[in-house]
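Participant: need a structure here:
(2 chains)
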There are 2 protein chains.
Amino acid sequence: MPFLFPDHPTIGIFGFGAFGRLTAMHLADHFPLLVHDINPDAVSACVSAVTPGNIRAADSINVAKCDIVILAVPVTEMRALITRISPHLRAGAIVLDVGSVKMEPARAMLEGLPNHVDIIGTHPLFGPQSARDGIAGLKIAICPVRGRKFRRIAAFLRHVLRLKVFVVTPDEHDREAAVVQGMTHLIAKVLVRMDPLPVRMTTASFDLLLKATEMVRYDAPSVFWAIENANPYAGAVREQFFELAMGVRDQLAGDKCAVVTVTAE
Amino acid sequence: MPFLFPDHPTIGIFGFGAFGRLTAMHLADHFPLLVHDINPDAVSACVSAVTPGNIRAADSINVAKCDIVILAVPVTEMRALITRISPHLRAGAIVLDVGSVKMEPARAMLEGLPNHVDIIGTHPLFGPQSARDGIAGLKIAICPVRGRKFRRIAAFLRHVLRLKVFVVTPDEHDREAAVVQGMTHLIAKVLVRMDPLPVRMTTASFDLLLKATEMVRYDAPSVFWAIENANPYAGAVREQFFELAMGVRDQLAGDKCAVVTVTAE
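Facilitator: Got it, this is the predicted structure:
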């Protein structure tokens, strides 16, 4: 750690939802953390109940003054937050977000944050469910938006937290995520609505579908919203899915006719 | 084994496709097997290449004369096969199928097989992919159609092959399978058509979807056909899936409008 951050930086986290908490849990061993959420009760209750000493609730100005500032709020609230904290950010600070899409937050940060901070988009490709047994080996996308300090962040994620780090552009990220997350959440959404699903005479492949569904079904609605609507590529992927599904449907209808013919011979 | 089958029965298998071979592989340690396929070359090549001594290719009459006769042909070919073998079946024999649906094969066997044989529908809820590391702990559905000898078969599957056995009616089976297999194969079919799918910045849940897809994508077309068209409940499940998917689509379109409004304020 000292070789990566000889200055012993403080970290401020805005937003203490499922992902803010997960982030705090994995950083608390390495940095002093200050946390702010619009609901201060939720933060203090959670900080005292779940986590060790290194995490403190603080007002937004003090959180904004940290050396590294993490925006863990829904994508829809990002611009308002940026406007609020920008006057308080230190020169040389690093600001990063952890949203499920990267193009829109990158744009919002680039437009709204002062020139004296570095900007990084990050997307940890896991959540509370998939990180239950630890995060080593899990994946994270890093999008350098401004400045060169992303190298140290990437090195920390790679060598200390043992994540698989992909350094990509926001556009590259959103193109892939449109399929990866768009499909997973869409399919899960539909399967959840088919409840109760069979659990008895299941196949291995159906069990995998159920497991995938369980992993995302409790994600905050804002996550689903961001994945499906704040990713500019998601709509086209979704339409492709619906079109292909309809193609399979038509094909099956055709098959049925063909079989009737065969049977009649 | 002697306590279950003191008479040392022979087993005949009709159809040496992916599932006939899998069946043979797991029964060859326990019974002498005779195998027949419409393509005799495929059988003999496969028997000599893959499997140990206990399996022999034979003509259909000799296979039909075995004590236990397994129909491992596509559901669409079941009735023709039944007509062909019925005159040769021994009194007291057990005939069972291994199709992915159970109502139609049960009806075909009940209508076409002579009264002097027991009839069992079975559906091993696994395939060559999921059985790669052995079949202990995997699931099989058993539908007694005529006679009481299914008890011995179920005991063998449970205690010797260590499968999880579900004894159900063909109707109960097809209702569950319509969702379990219908959904898995439909989703896999659509995802396969979206190839190339991302493999780099994937989430754990997307990896599970891909794994589920890989497990079924190489299944014979006749398996997909049977699952989607020979199961009387599959059509309704499919329509439900499409309807729910369209609901999600409309909801997302509505969300988009709502957000535009919020942004405009």
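Participant: which residues are contacting stretch A:183-199?
Facilitator: Stretch A:183-199 is contacted by residues A:206, A:209-210, A:212-213, A:216-217, A:219, A:223-224, A:227-228, A:237-238, A:241, B:176, B:179-180, B:183, B:187, B:191, B:194, B:203, B:205-206, B:209, B:240-241, B:244-245, B:247-248 when judged by C-beta atoms under 8 Å, 6 or more residues apart in numbering or on different chains. C-beta coordinates here come from the backbone N, C-alpha and C atoms, glycine included.
Participant: List the buried residues for that stretch?
Facilitator: Within stretch A:183-199, the residues that count as buried by 16 or more other C-beta atoms under 10 Å in any protein chain shown are A:183, A:184, A:185, A:186, A:187, A:188, A:189, A:190, A:191, A:197, A:198.
Participant: What average pLDDT does that stretch get?
Facilitator: Averaged over stretch A:183-199, pLDDT sits at 93.
Participant: One more: stretch A:70-85?
Facilitator: In this model, stretch A:70-85 has a mean pLDDT of 96.
Participant: Now do that stretch: distance from first to last residue.
Facilitator: Its first and final residues considered, stretch A:70-85 spans 11 Å by C-alpha to C-alpha, to the nearest Å.
Participant: same check, this time on stretch A:119-131
Facilitator: 25 Å.
Participant: mean confidence for that stretch?
Facilitator: Here the average pLDDT along stretch A:119-131 is 93.
Participant: Looking at the stretch 51-200 of chain A, which residue is nearest chain B?
Facilitator: The minimum distance from the stretch 51-200 of chain A to chain B, using C-beta to the nearest C-beta, falls at residue A:130 (3.8 Å).
Participant: What number of neighbouring residues does the closest residue to that residue other than its chain neighbours come out with?
Facilitator: Among residues not flanking residue A:130 along the chain, residue B:204 sits closest, at 3.8 Å (C-beta to C-beta, 6 or more residues apart in numbering or on different chains). Using other C-beta atoms under 10 Å in any protein chain shown, residue B:204 has 19 neighbouring residues.
Participant: Tell me the backbone dihedrals of residue B:204, please.
Facilitator: phi -60, psi -40 (degrees, to the nearest 10).
Participant: Looks like it contacts residue A:128 (just checking).
Facilitator: No: counting by C-beta atoms under 8 Å, residue B:204 does not reach residue A:128; the two are 11.5 Å apart.
Participant: Distance to residue B:34 and secondary structure added to the buried residues of stretch A:183-199, as CSV?
Facilitator: What follows is the buried residues of stretch A:183-199, written out as CSV (distance: C-beta to C-beta, whole Å; DSSP: H, G, I helix; E, B strand; the rest coil):
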residue, distance to residue B:34, secondary structure
A:183, 46, helix
A:184, 47, helix
A:185, 51, helix
A:186, 49, helix
A:187, 44, helix
A:188, 47, helix
A:189, 50, helix
A:190, 46, helix
A:191, 43, helix
A:197, 41, coil
A:198, 36, coil
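Participant: list the contacts for residue A:217?
Facilitator: A:188, A:192.
Participant: and if you look at residue A:214?
Facilitator: Neighbours of residue A:214 in contact, by C-beta under 8 Å, 6+ apart: residue A:129.
Participant: please redo it, this time with the cut-off set to 6 Å
Facilitator: Residue A:214 sits next to no residue when contact means C-beta atoms under 6 Å, 6 or more residues apart in numbering or on different chains.
Participant: can you tell me which helix or strand it belongs to?
Facilitator: Taking DSSP states H and E as the criterion, residue A:214 maps to helix A:204-216.
Participant: next structured bit after that helix?
Facilitator: Next element after helix A:204-216 (DSSP H and E): helix A:221-225.
Participant: Give the buried residues for that next one.
Facilitator: By neighbour count on 16+ other C-beta under 10 Å, the buried set for helix A:221-225 is A:222, A:223, A:224, A:225.
Participant: what's the distance between residue A:57 and residue A:12?
Facilitator: Look at residue A:57 and residue A:12: by C-beta to C-beta, to the nearest Å, they are 11 Å apart.
Participant: what about those two, which has more around it?
Facilitator: Taking neighbours as other C-beta under 10 Å, residue A:57 and residue A:12 compare with residue A:12 leading, 27 against 21.
Participant: I'd assumed the more buried one was in a strand, is it?
Facilitator: Yes: Residue A:12: assigned to a strand according to DSSP: H, G, I helix; E, B strand; the rest coil.
Participant: Just list the residues touching it, thanks.
Facilitator: A:34, A:63, A:66, A:69.
Participant: pretty sure residue A:141 contacts residue A:164?
Facilitator: No: Residue A:141 is beyond contact range of residue A:164, at 9.8 Å (criterion: C-beta atoms under 6 Å).
Participant: Out of these two, name the residue with the larger neighbour count.
Facilitator: More crowded of residue A:141 and residue A:164, by other C-beta under 10 Å: residue A:141, with 24 against 15.
Participant: quick one: is the host helix or strand of that one near chain B?
Facilitator: If you go by DSSP H and E, residue A:141 is part of strand A:139-146. Yes: Strand A:139-146 comes into contact with chain B (C-beta under 6 Å from any C-beta of the partner chain), by way of residue A:141.
Participant: Now do the buried residues in the helix or strand following that strand.
Facilitator: Using DSSP H and E, the next helix or strand after strand A:139-146 towards the C-terminus is helix A:150-155. Along helix A:150-155, these residues count as buried under the neighbour rule (16+ other C-beta under 10 Å): A:150, A:152, A:153, A:154.
Participant: now swap in stretch A:30-44 and tell me
Facilitator: In stretch A:30-44, counting by 16+ other C-beta under 10 Å, buried: A:30, A:31, A:32, A:33, A:34, A:35, A:36, A:37, A:43.
Participant: cool, stretch A:133-145 as well?
Facilitator: Residues of stretch A:133-145 classed as buried: A:135, A:138, A:139, A:140, A:141, A:142, A:143, A:144, A:145 (neighbour count, 16+ other C-beta under 10 Å).
Participant: From start to finish, how long is it in a straight line?
Facilitator: Stretch A:133-145 end-to-end distance (C-alpha to C-alpha) = 31 Å.
Participant: can you list contacts of that stretch?
Facilitator: Identification of contacts with stretch A:133-145 by C-beta under 6 Å, 6+ apart yields A:102, A:106, A:110, A:119, A:121-126, A:150, A:154, A:157, A:162-168, A:170, A:173, B:201.
Participant: so how far is it off the chain centroid?
Facilitator: 10 Å (C-alpha atoms, centre = their mean, to the nearest Å).
Participant: Ok, stretch A:79-96 next?
Facilitator: For stretch A:79-96 - counting by C-alpha atoms, centre = their mean - the centre lies 20 Å from the chain centre.
Participant: Lovely, talk soon.
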